[in-house]
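K.L.:
Turn this into a model:
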Amino acid sequence: MPARLIVRVLVALALPTLAATTIALAIAPTRAPVDVRGAPRPLATSPAPTTPGVPATVSASAPTPPGGVIPGVPYGPEPFELLDLHLPDRTRHPGPIPVIVYLHSGGWIGGARSNVADAALAQVARGYAVVSVDYQLAVAGGAGTFPNAVYDVKRAIRFLKANARTWGLDASRVIVMGASAGGYLAALTGASAGSLEPALTGPLATVDSSVIAIVDVVGITDLATFATTPHPWAVPLTDAFLGCPKAGGASGCTPEQLREASVAPYVGPGSPPIFMAYGANDTLVVPASQGEPLARTWAAAHPGDTHAVVYDLVPAAGHNLSVAQIEMPALDGFLDRAAGGGALTTERVLLYGDSLAWESRDAFTSALGRAGITDVITRTFGGTAICDWVPQMRVDQAALHPDAVVVEFSGNALTPCMKDADGQALTGIAYSRKYMTDAQTVMDVFASDGSLVYFAGAPISRRAEAAHDATVATLDAMYADVAASSPLGRFVDAGAAVTAHGGWTATLPCLGGEPCIGGRDASGTPVNVVRAPDGAHFCPAGHPAVGGVTGACPVWSSGAWRFGTAMADPIPLDLAAAPFGAGNS
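P.N.:
I've put the predicted structure just below:
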């Protein structure tokens with residue numbers, strides 16, 4: 001476990017059993033409450049046991065699906081009781097596979113099974129089935145959906161276990177995971193095995209709903225303290241979920257109702273291990289009242305068990321967390337330990353670079369995470385050159401044995417290793433020879449260990465284009481030559497993702513999957529700003545770099561997203577097609 005995680009967790013909790021990690025999906029504040037079921041079921045009743053046309057089990061005569069998504073599978077009689085199965089490539093992951101049951105966010109009143117966190121979907125490529133489940137949603141002023149939403153989750157788990165052979169699942173390795181409201185349901189479902197169970201008849205009545213592990217991302221855990229949180233959504237969400245009457249500005253729920261719906265009363269020695277992640281700056285689900293107390297309760301119920309609780313308080317993070325913020329190796333390790341002890345896949349990717357790589361590191365990490373590569377380490381700093389990182393690269397090669405390495409340096413000559421004996425920045429032939437030699441050193445260091453080595457080309461700056469400066473083109477050609485010298489070398493023209501046919505441009509047409517906030521160009525095409533005001537970097541609202549160092553971007557940075565994604569895109573396909581990895585694959 002990285003030392004920084006140990007430090008920040010132990011300082012916060014002083015619990016030697018706690019470790020690290022982070023995820024989440026937002027509650028959509030503008031989404032109107034949705035009643036997908038019509039009149040809610042009364043709290044005292046459980047789901048109807050059967051309905052004609054909705055079998056408790058599915059025929060297992062068909063062969064195991066090869067992978068992909070199987071949408072809209074009914075798991076119960078209610079029209080909303082549907083689930084989607086995301087299955088891995090069965091040629092790479094044969095045999096019964098572990099299952100992650102995923103529960104979406106939405107404050108108990110919104111959201112849908114299509115909203116799956118990237119940290120969950122990343123597990124599909126690692127060999128897990130991820131099953132996203134719809135559950136009953138509450139309506140303001142309605143009868144509430146506790147405990148019916150929990151019943152829905154447990155029915156879905158029973159259904160999956162009963163039909164495990166149909167999809168090649170391992171019924172003995174089911175994990176429940178959720179974000180925000182879904183994180184709450186995940187924690188409560190896992191903790192309350194044997195209680196809060198739906199009253200079923202038929203085949204599902206004999207199937208248990210227990211799970212082997214829980215992942216709770218920014219989940220509400222204590223309804224009493226949540227209902228007093230000074231956030232405008234806290235009281236309305238609590239009252240809608242529990243079906244409590246309005247009581248002015250306070251919750252109308254009784255202390256008994258709030259306690260019964262909280263997670264801690266159900267935690268005991270038999271509760272499965274839990275992974276908890278919270279944003280330190282979250283004002284809706286406040287870690288001090290929601291995450292930390294439950295982590296302590298869980299740890300106290302498992303004295304001496306160093307794997308019972310994994311907890312991470314993510315600095316400077318709010319209610320929305322992604323794979324770019326998560327210490328994914330910690331999450332992966334937790335899941336793999338629960339699923340059987342050994343890692344399913346452990347591809348490791350390292351990124352080294354200057355300010356352009358620093359700006360785009362989150363996009364790079366996210367793109368790899370979506371492909372199931374979650375062990376990603378970034379070492380980037382503005383103004384640096386290859387030579388600044390060579391000593392660290394040698395250490396990383398020996399200690400980390402990465403499967404792939406990405407190197408992005410756009411030609412800085414600002415640091416001591418890029419200066420001559422008189423302290424002057426290298427120029428001309430000496431400059432080019434230095435970059436060539438250092439690039440070849442990178443190839444020698446990592447290719448000798450079987451790592452794929454990618455050299456990423458940078459985009460031309462506005463100033464360089466105006467001055468007809470060919471430095472970027474020269475470096476790109478040199479990087480391509482070095483890459484071609486080894487079967488493990490690759491050149492990626494990532495700079496092309498933010499240029500117009502190789503030329504500098506301030507804007508580019510919006511792409512699918514990104515916010516489109518840059519207005520329209522002269523032809524009326526929706527665009528995004530892809531370069532910073534300084535003409536070299538990416539952030540549309542960025543300040544000029546100082547010594548090559550830029551600050552955090554306060555707005556959507558389309559250029560960083562495109563550049564980071566372009567650097568990452570070829571890696572999953574290459575690793576899948578040719579397992580060159582240095583002992584990690």
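K.L.:
For the rest of this, base every contact and every neighbour count on C-alpha atoms.
P.N.:
Fine.
K.L.:
how far is the longest strand anywhere in the chain from where the chain is centred?
P.N.:
Identified as the longest strand of the chain according to DSSP state E is strand 169-179. Between the centre of strand 169-179 and the centre of its chain there are 17 Å (Cα atoms, centre = their mean, to the nearest Å).
K.L.:
partners of it in the sheet?
P.N.:
The pairing partners recorded for strand 169-179 under DSSP bridges are strand 97-103 (parallel), strand 213-217 (parallel).
K.L.:
Quick one: mean pLDDT for the helix or strand that it is followed by?
P.N.:
Next helix or strand after strand 169-179 toward the C-terminus (DSSP states H and E): helix 181-191. In this model, helix 181-191 carries a mean pLDDT of 98.
K.L.:
Extract the CA atoms of helix 181-191 and return them as CSV.
P.N.:
The C-alpha coordinates for helix 181-191 follow below in CSV (Å, rounded to 0.1, in the frame of the first residue of the first chain):
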residue,chain,number,x,y,z
ALA,A,181,-27.5,6.1,-2.3
GLY,A,182,-26.3,2.9,-3.9
GLY,A,183,-23.3,2.8,-1.5
TYR,A,184,-25.8,2.9,1.4
LEU,A,185,-27.8,0.0,-0.1
ALA,A,186,-24.6,-1.9,-0.7
ALA,A,187,-23.4,-1.5,2.9
LEU,A,188,-26.8,-2.3,4.4
THR,A,189,-27.4,-5.3,2.1
GLY,A,190,-24.1,-6.8,3.0
ALA,A,191,-24.4,-6.1,6.7
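K.L.:
Pull the residues that contact it.
P.N.:
Applying Cα atoms under 8 Å, 6 or more residues apart in numbering, the external contacts of helix 181-191 come out as 102-108, 149-150, 153-154, 176-178, 210-211, 213-221, 262-263, 266-268, 271-272, 274.
K.L.:
Could you check the angle that helix makes with strand 213-217?
P.N.:
160 degrees (axes from the mean of the first three to the mean of the last three Cα atoms, to 10 degrees).
K.L.:
Could you report the pLDDT at residue 19?
P.N.:
Residue 19 is given a pLDDT of 33.
K.L.:
Quick check: next helix or strand after the helix or strand where residue 567 lies?
P.N.:
Secondary structure assignment for residue 567, by DSSP H and E: helix 558-568. Counting by DSSP H and E, the next helix or strand C-terminal to helix 558-568 is helix 570-577.
K.L.:
For that next one, which outside residues touch it?
P.N.:
With contacts defined as Cα under 8 Å, 6+ apart, helix 570-577 is touched by 368, 371, 373, 403-404, 581.
K.L.:
and residue 428, how many residues sit next to it?
P.N.:
When neighbours are counted by other Cα atoms under 10 Å, residue 428 registers 8.
K.L.:
pLDDT value on it, please?
P.N.:
At residue 428, pLDDT is 94.
K.L.:
just for the stretch 351-500 of the chain, where's the confidence low?
P.N.:
Nowhere does the stretch 351-500 of the chain drop to pLDDT under 70.
K.L.:
Can you pull the domain assignment for the protein?
P.N.:
Per automatic domain parsing, the domain ranges recorded for the chain read 3-27+53-339, 348-577.
K.L.:
What segments of the stretch 201-350 of the chain are helices?
P.N.:
223-226, 234-242, 255-260, 287-301, 328-339 (DSSP state H, counting those that start in this stretch).
K.L.:
longest helix of the chain?
P.N.:
helix 428-447 (DSSP state H).
K.L.:
now the angle between helix 570-577 and the helix or strand just after it, please.
P.N.:
Next in sequence after helix 428-447, counting helices and strands by DSSP H and E, comes strand 452-456. Computed by the same axes, to 10 degrees, the angle separating strand 452-456 from helix 570-577 equals 160 degrees.
K.L.:
who are the neighbours of strand 452-456, in terms of helices and strands?
P.N.:
strand 404-408, helix 428-447, helix 471-484, strand 489-492 (3 or more Cα pairs under 8 Å, 6 or more residues apart in numbering; DSSP states H and E).
K.L.:
Among those, show me which one is buried the most.
P.N.:
strand 404-408 (a mean of 25; mean count of other Cα atoms under 10 Å).
K.L.:
can you list contacts of that strand?
P.N.:
Here strand 404-408 has contacts from 348-354, 356-357, 446, 451-458, 567, 571, 581, using Cα under 8 Å, 6+ apart.
K.L.:
again with stretch 523-538
P.N.:
By Cα under 8 Å, 6+ apart, stretch 523-538 touches 355-356, 359, 460-463, 498, 505-510, 516-521, 539-545, 557-560.
K.L.:
Now list the buried members of the residues you listed.
P.N.:
The neighbour-count test (16 or more other Cα atoms under 10 Å) marks 355-356, 359, 460-462, 498, 505-510, 516, 518, 520, 539-542, 544, 557-560 as buried among these.
K.L.:
picking up where we left off before, so what does the helix holding residue 567 touch, helix or strand wise?
P.N.:
helix 355-370, strand 527-529.
K.L.:
switch to 7 Å and redo it
P.N.:
helix 355-370 (3 or more Cα pairs under 7 Å, 6 or more residues apart in numbering; DSSP states H and E).
K.L.:
The helix it packs on relative to helix 570-577, how many degrees between them?
P.N.:
40 degrees.
K.L.:
Pull out the buried positions in the helix or strand that comes right after helix 355-370.
P.N.:
As assigned by DSSP H and E, the chain's next helix or strand after helix 355-370 is strand 375-380. Across strand 375-380, burial judged by 16+ other Cα under 10 Å covers 375-380.
K.L.:
Off-centre distance for strand 375-380?
P.N.:
On Cα atoms, centre = their mean, the centre of strand 375-380 falls 15 Å from that of its chain.
K.L.:
Give the pairing partners of it; include direction for each.
P.N.:
As assigned by DSSP bridges, strand 375-380 forms pairs with strand 348-353 (parallel).
K.L.:
Tell me how far residue 210 lies from residue 264.
P.N.:
17 Å (Cα to Cα, to the nearest Å).
K.L.:
sorry, back to before: out of the buried residues of strand 375-380, the closest to residue 337 would be?
P.N.:
residue 375 (15.7 Å; Cα to Cα).
K.L.:
now what about stretch 447-463, what contacts it?
P.N.:
402-408, 410, 443, 472, 476, 479, 488-496, 498-499, 504, 535-536, 567, 580-582 (Cα atoms under 7 Å, 6 or more residues apart in numbering).
K.L.:
And the residue of the chain positioned farthest from its centre, how close does it get to residue 416?
P.N.:
Centroid-distance maximum for the chain: residue 422 at 47.7 Å, with Cα atoms, centre = their mean. For residue 422, the distance to residue 416 equals 11 Å [Cα to Cα].
K.L.:
try residue 307
P.N.:
45 Å.
K.L.:
ok, those two, which is more surrounded?
P.N.:
residue 307 (18 against 15).
K.L.:
ok, residue 136 to residue 237 distance?
P.N.:
14 Å.
K.L.:
cool, and residue 503?
P.N.:
Residue 503 is 51 Å from residue 237, by Cα to Cα.
K.L.:
The two: who's more crowded?
P.N.:
Remark: of residue 503 and residue 237, residue 237 carries more neighbours, 23 against 14, as counted by other Cα under 10 Å.
K.L.:
How about the more buried one: what's its closest non-neighbour residue?
P.N.:
residue 107 (6.2 Å; Cα to Cα, 6 or more residues apart in numbering).
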